[in-house]
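K.L.:
Mind looking at a prediction? Sequence and model below.
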Amino acid sequence: MKRSEVNHKIKEAVDFIEQMNFKLPPFAYWGPEEWKTKGSEYDEIRDNMLGWDITDFGSGDFENIGLLLFTIRNGNLNNDKYIKTYAEKILIVEEEQVTPLHFHWNKMEDIINRGGGNLMVQVYNSTEDEELADTPVEISMDGRVCTVDAGTVLRITPGESITLPVGQYHKFWGEKGTGKVLIGEVSMVNDDNADNRFYEQTGRFSDIEEDEAPLYVLGNEYSTVK
């Protein structure tokens, strides 16, 4: 992705989040120069990769295969300094913009439609060798548990949520004609460096082509800000 595209998409995200009347923490709006003034008192943000995250999953086609996120809080499985056992994110999904099929080895999560359009979620169980199972999938949506066929696509409307347990493959996108979606994610500790099992070979973090100066620092870029 080009830095100009990253800047533009995050500016759009800020506007959309404001329209949805959701408030981000102050560090959401700090640029690189502001971050240079922040000392070790903000290490929790740096160490746990809080803040902005944008990816095209290595596709080179963010509009169709991509995701924009903001991590609000998170623990750290590799550092005993941080005792939080949970994480929270806000995600923005465009109409028909796909997050590829994947599961997590350690993280259970609730995906919550906070507003906007409808979110479509496809689910499968995984096999012992991490392939797609053809077995029925048990799902939990807002306290209701039921079973659906492998590969079922579920519609999550504003206010609804789905629980995605460890090892359950899921793929999601915004439903065409309903508008972009603001998603909340409440989960166990999130580790994007080591806890994503994509069904097809996929890159989690995008390579950035620096065609203009960054307006924001991404969660995996704090070490570059001196």
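P.N.:
Happy to help now that I have it.
K.L.:
Was I right to think residue 79 contacts residue 47?
P.N.:
Yes - the pair residue 79 and residue 47 passes the contact test of C-beta atoms under 8 Å, sitting 6.2 Å apart. For glycine as for every other residue, the C-beta is placed from the backbone atoms N, C-alpha and C.
K.L.:
average pLDDT across the helix with the most length in the chain?
P.N.:
Across the chain, the helix with the greatest residue count (assigned by DSSP state H) is helix 3-19. The predicted model assigns helix 3-19 a mean pLDDT of 97.
K.L.:
next one: it to chain centre, how far?
P.N.:
15 Å (C-alpha atoms, centre = their mean, to the nearest Å).
K.L.:
helices or strands up against that helix?
P.N.:
strand 51-55, strand 67-73, strand 86-93 (3 or more C-beta pairs under 8 Å, 6 or more residues apart in numbering; DSSP states H and E).
K.L.:
could you give me the average pLDDT of the helix or strand just after it?
P.N.:
Next helix or strand after helix 3-19 toward the C-terminus (DSSP states H and E): helix 32-35. Averaging pLDDT along helix 32-35 gives 96.
K.L.:
quick one: buried residues of helix 32-35?
P.N.:
32, 35 (16 or more other C-beta atoms under 10 Å).
K.L.:
Can I get the helix or strand that that helix is followed by as CSV, trimmed to CA atoms?
P.N.:
With elements assigned by DSSP H and E, the helix or strand that comes after helix 32-35 is helix 43-47. C-alpha atoms of helix 43-47 as CSV (Å, rounded to 0.1, in the frame of the first residue of the first chain):
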residue,chain,number,x,y,z
ASP,A,43,5.2,2.1,26.6
GLU,A,44,2.0,0.1,27.0
ILE,A,45,0.7,1.5,23.7
ARG,A,46,4.0,0.8,21.9
ASP,A,47,4.6,-2.7,23.4
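K.L.:
List the buried residues in helix 43-47.
P.N.:
44, 45, 46.
K.L.:
Provide the contact partners of it at residue level.
P.N.:
With C-beta atoms under 8 Å, 6 or more residues apart in numbering as the test, helix 43-47 has contacts from 27, 50, 51, 76, 79, 81, 82, 222, 223.
K.L.:
run the last query once more with 10 Å
P.N.:
25, 27, 30, 35, 38, 40, 50-51, 71, 73-76, 78-79, 81-82, 84, 217, 219, 221-223, 225 (C-beta atoms under 10 Å, 6 or more residues apart in numbering).
K.L.:
Could you tell me which of those residues count as buried?
P.N.:
27, 30, 35, 50-51, 71, 73-76, 82, 217, 219, 221-222, 225.
K.L.:
Which of those scores worst on pLDDT?
P.N.:
Among the buried ones among the contacts of helix 43-47, residue 225 has the lowest pLDDT, at 90.
K.L.:
ok, for that residue, nearest residue in space, not its chain neighbours?
P.N.:
Using C-beta to C-beta, 6 or more residues apart in numbering and skipping residues adjacent in sequence, the residue nearest residue 225 is residue 35, 4.7 Å away.
K.L.:
Residue 204 looks like it's in a helix, true?
P.N.:
No - going by DSSP: H, G, I helix; E, B strand; the rest coil, the assignment for residue 204 is coil, not a helix.
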